[in-house]
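Q: no FASTA, just this:
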């Protein structure tokens, strides 16, 4: 995967600080929200590493499910860690999709926009994003005739669901999210049991994923919806405190949550049983501790990646509070503010470049990291230009891309 695409606008433009607020208050508001852009900018770069590896790297490891893993197989640490660091992308994309959506909805409702109009936009954008997987991403990721349901499907379908779920209170959102994460493996087992040991199409779309030619469902909805709901709850807390004009300490909240998540991961992975989607540790090595199931996402995977994300995002909030928006962080902010635009360009460009150079899946990690650097540098001016256009036309077609 992801990543990936997030709801409209960039967080720095979503502040609900009133126009009469002081310059200091506006700066403080900006510094509390720009870390969301930095975080998704960082994972855009990590995502490019993964897809550059898919385009150029002959030794890429993709054994992120029990179905694709052979017990006792080798996990070369360099290849494994190149893949593993990119696991951060999808949970971060989807968590921030929920957070930014919550902030966007608060802004729209505060301006007096009718709830029904807000819902229609959420649903229409969700359907647009999900459709991109079918009509744009499938042909570069898969063989001709194969239709992939990947991270754009999960984000788009999740947005459609949030049009209704946003009416739940924050405790209910957090509780339902936790229930889906904790019960995900039990739900997957029940779904397979009802299907006679094989996934059914509804079960695959919602819980397990699976192959139903020509459909390949890599990202089932419910596990990823749990991440989006958690992100929504975080965005709602952030937005409500901004609106009330009180100081916000998201760094502390994220640091505590991240630490607890990683502690939970240590327990679940250490017990090596339920919560791992049957992708168990072969031994006590670092690689096998980190070798968790992404397809479908296990509890250990979600605890690990959301824990890492929370600590990283906490660090970004601390940085913003202490030094504001330093120029050297501007590239990450730009990539974060143009995430979907970047996403729909990068996979195609990398695969076409590998094909044109005669290096499709024939090179190694050197080509992977070099092509990542070259692509990010090459596409950055286009992202800057698109970001400026989007800022100048906030109610235009760019709301969808």
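A: Yep, that arrived. Since the model is a prediction, treat every value here as computed from it, not as a measurement.
Q: which ones are touching residue 311?
A: Shown here is residue 311, whose contacts under the criterion C-beta atoms under 8 Å, 6 or more residues apart in numbering are 254-255, 258-259, 262. For glycine as for every other residue, the C-beta is placed from the backbone atoms N, C-alpha and C.
Q: actually residue 300, not the one I typed
A: For residue 300, the residues meeting the contact criterion (C-beta under 8 Å, 6+ apart) are 265, 268-269, 275-276, 292-293.
Q: do residue 161 as well
A: By C-beta under 8 Å, 6+ apart, residue 161 lies in contact with 221, 225, 228.
Q: Please tabulate the residues you listed in TSV, including the columns pLDDT.
A: As requested, the contacts of residue 161 are exported to TSV (pLDDT from 0 to 100):
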residue	pLDDT
221	97
225	98
228	98
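Q: So which of those belong to helices?
A: For those, membership in helices holds for 221, 225, 228, with DSSP state H as the criterion.
Q: Top of the residues you listed by number of neighbours, please.
A: Sorting the ones in helices among the contacts of residue 161 by how many neighbours each has (other C-beta atoms under 10 Å) puts residue 228 first, at 30 neighbours.
Q: Sketch out the helices for the stretch 151-300 of the chain, chain order is fine.
A: 151-165, 170-194, 201-203, 221-244, 250-271, 286-290, 299-323 (DSSP state H, counting those that start in this stretch).
Q: tally of neighbours for residue 341?
A: Other residues within reach of residue 341 by the criterion other C-beta under 10 Å amount to 21.
Q: any idea what sits nearest it, other than its immediate chain neighbours?
A: Distances taken as C-beta to C-beta, 6 or more residues apart in numbering place residue 386 nearest to residue 341, at 5.0 Å, with adjacent residues excluded.
Q: number of nearby residues for that neighbour?
A: 20.
Q: That one against residue 338, yeah?
A: Yes - if you go by C-beta atoms under 8 Å, residue 386 and residue 338 touch, sitting 5.2 Å apart.
Q: and residue 179, how many residues sit next to it?
A: Other residues near residue 179 come to 12 when the count uses other C-beta under 10 Å.
Q: just residue 302 next, same as before
A: Residues contacting residue 302 under the criterion other C-beta under 10 Å number 29.
Q: Do I have it right that it meets residue 227?
A: Yes - distance between residue 302 and residue 227: 7.0 Å, which falls inside the contact criterion (C-beta under 8 Å).
Q: tell me, what's touching the two both at once?
A: The overlap between the contact sets of residue 302 and residue 227 (C-beta under 8 Å, 6+ apart) consists of residue 91.
Q: Can you give me the end-to-end span of stretch 61-72?
A: End-to-end distance for stretch 61-72, by C-alpha to C-alpha, to the nearest Å: 14 Å.
Q: sorry, that was for stretch 63-71
A: One end of stretch 63-71 to the other measures 11 Å (C-alpha to C-alpha).
Q: got the buried residues for that stretch?
A: By neighbour count, and taking 16 or more other C-beta atoms under 10 Å as the criterion, the buried residues in stretch 63-71 are 63-66, 69.
Q: follow-up on the earlier one: on the pLDDT front, check the residue nearest to residue 341 for me.
A: Residue 386 is assigned a predicted lDDT (pLDDT) of 94.
Q: still on that earlier bit, need the contacts of residue 300 in JSON lines (columns: distance to residue 307 and pLDDT).
A: Converted to JSON lines, the contacts of residue 300 look like this (distance: C-beta to C-beta, whole Å; pLDDT from 0 to 100):
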{"residue": "265", "distance to residue 307": "6", "pLDDT": "98"}
{"residue": "268", "distance to residue 307": "11", "pLDDT": "98"}
{"residue": "269", "distance to residue 307": "12", "pLDDT": "98"}
{"residue": "275", "distance to residue 307": "14", "pLDDT": "97"}
{"residue": "276", "distance to residue 307": "16", "pLDDT": "97"}
{"residue": "292", "distance to residue 307": "12", "pLDDT": "97"}
{"residue": "293", "distance to residue 307": "16", "pLDDT": "97"}
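Q: Give me the angle between the helix or strand where residue 334 lies and helix 299-323.
A: For residue 334, the host element (DSSP states H and E) is helix 330-337. Between helix 330-337 and helix 299-323, the angle comes out at 130 degrees (axes from the mean of the first three to the mean of the last three C-alpha atoms, to 10 degrees).
Q: So which elements touch helix 330-337?
A: Contacts of helix 330-337 with other secondary structure elements, assessed using 3 or more C-beta pairs under 8 Å, 6 or more residues apart in numbering; DSSP states H and E, are made with helix 23-56, helix 365-392.
Q: Could you tell me the least trusted of the ones you listed?
A: Least confidently modelled of the helices and strands packed on helix 330-337 is helix 23-56, at a mean of 79 by mean pLDDT.
Q: how many other residues sit next to residue 398?
A: 19.
Q: Can you lay out the helices of the stretch 151-300 of the chain as a markdown table showing distance to residue 106?
A: Formatted as a markdown table, the entries for these read as follows, by distance: least, C-beta to C-beta, whole Å:
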| stretch | distance to residue 106 |
| --- | --- |
| helix 151-165 | 13 |
| helix 170-194 | 12 |
| helix 201-203 | 34 |
| helix 221-244 | 4 |
| helix 250-271 | 15 |
| helix 286-290 | 37 |
| helix 299-323 | 19 |
